[in-house]
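In: Here you go, sequence then predicted model.
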Amino acid sequence: MSELPRRRLLAATGTALTGTVAGCMGSDWNGDESGESEKTEPDTTEPEPKNETDEAPTGTLLGKISLENLDDETHTIDAIVEFDDGPEHWSTHELSGDNGVELERNWPSDPGDFRVMFRLDGGEPTQVTPAGLGKSSCVNIFALIDRNGGLKVLSDTDGGPCGDGDAALDDAEE
């Protein structure tokens with residue numbers, strides 16, 4: 001993997017993110033093109049009471065976990081997935097330079113409270129919890145060994161179990 005495409009990707013991502021943030025910081029002006037604004041009354045209707053059976057399940061769905069080594073050196077990374085009842089997955093992976101792996105998904109497929117720990121080369125563990133990843137109903141986790149041999153943990157809420165992902169055979173059109 002060369003540096004140039006990654007730099008282009010980072011530049012494009014930064015540009016897109018800047019545009020998104022700038023759009024979010026715009027005014028709440030509610031007017032027409034002539035410059036006259038329209039007056040609106042505040043909404044005073046009572047919200048409908050929630051039915052207890054309509055509530056979404058609590059917790060976050062843990063999607064896929066991927067490990068990637070961008071360093072030229074070989075590194076060993078332990079991955080531990082724990083739910084309320086204890087460890088659900090524990091594996092050790094030796095990754096040569098520019099190599100990666102996706103963990104076999106053998107943890108619960110229901111939303112819940114979990115934590116994922118990564119330990120690089122027998123060092124101190126890095127822990128990830130749903131609270132540390134923001135409010136999301138589903139999260140994929142990506143542990144990256146950077147070119148300097150450091151560990152970075154990233155998350156994504158799209159793809160695999162968390163999004164459209166790859167179509168299953170039953171979903172494919174004939």
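Out: Great, that's in hand. Please read all numbers here as calculations on a predicted model, not as lab measurements. Numbers count the residues shown, from 1 in each chain.

In: What strand or helix carries Thr126?
Out: Assigning secondary structure by DSSP states H and E places Thr126 in strand 125-128.

In: Show me what that strand is packed against.
Out: Packing partners of strand 125-128 (3 or more CB pairs under 8 Å, 6 or more residues apart in numbering; DSSP states H and E): strand 114-120, strand 151-156. (Each C-beta comes from the backbone N, C-alpha and C, glycine too.)

In: could I get those as a markdown table with distance to Gln127?
Out: Shown next, in a markdown table, are the helices and strands packed on strand 125-128 (distance: least, CB to CB, whole Å):
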| stretch | distance to Gln127 |
| --- | --- |
| strand 114-120 | 5 |
| strand 151-156 | 9 |
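
In: Adding mean neighbour count, mean pLDDT and distance to Phe142, write these out as CSV.
Out: As requested, those are exported to CSV (neighbours: other CB atoms under 10 Å; pLDDT from 0 to 100; distance: least, CB to CB, whole Å):
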stretch, mean neighbour count, mean pLDDT, distance to Phe142
strand 114-120, 19, 96, 11
strand 151-156, 16, 94, 4
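
In: Quick one: closest of those strands to Thr74.
Out: strand 114-120 (11.8 Å; CB to CB).

In: Quick one: the strands in the protein, in order.
Out: 61-69, 75-83, 86-95, 99-102, 114-120, 125-128, 138-145, 151-156 (DSSP state E).

In: TSV for the ones you listed, including distance to Pro108?
Out: Compiled in TSV, the strands of the chain are given as follows (distance: least, CB to CB, whole Å):
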stretch	distance to Pro108
strand 61-69	8
strand 75-83	6
strand 86-95	7
strand 99-102	18
strand 114-120	8
strand 125-128	16
strand 138-145	13
strand 151-156	18
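
In: what's the nearest residue to Leu95 if we skip its chain neighbours?
Out: Asn69 (3.9 Å; CB to CB, 6 or more residues apart in numbering).

In: The one you found touches Ser96, doesn't it?
Out: Yes: here Asn69 lies in contact with Ser96, judged by CB atoms under 8 Å, at a distance of 7.0 Å.

In: neighbour count winner among these two?
Out: Per other CB atoms under 10 Å, whichever of Asn69 and Ser96 has more neighbours is Asn69, with 26 against 11.

In: Any idea what the more buried one is bridged to?
Out: Beta-bridge partners of Asn69, counted by DSSP bridges, are Asn99, Ile145.
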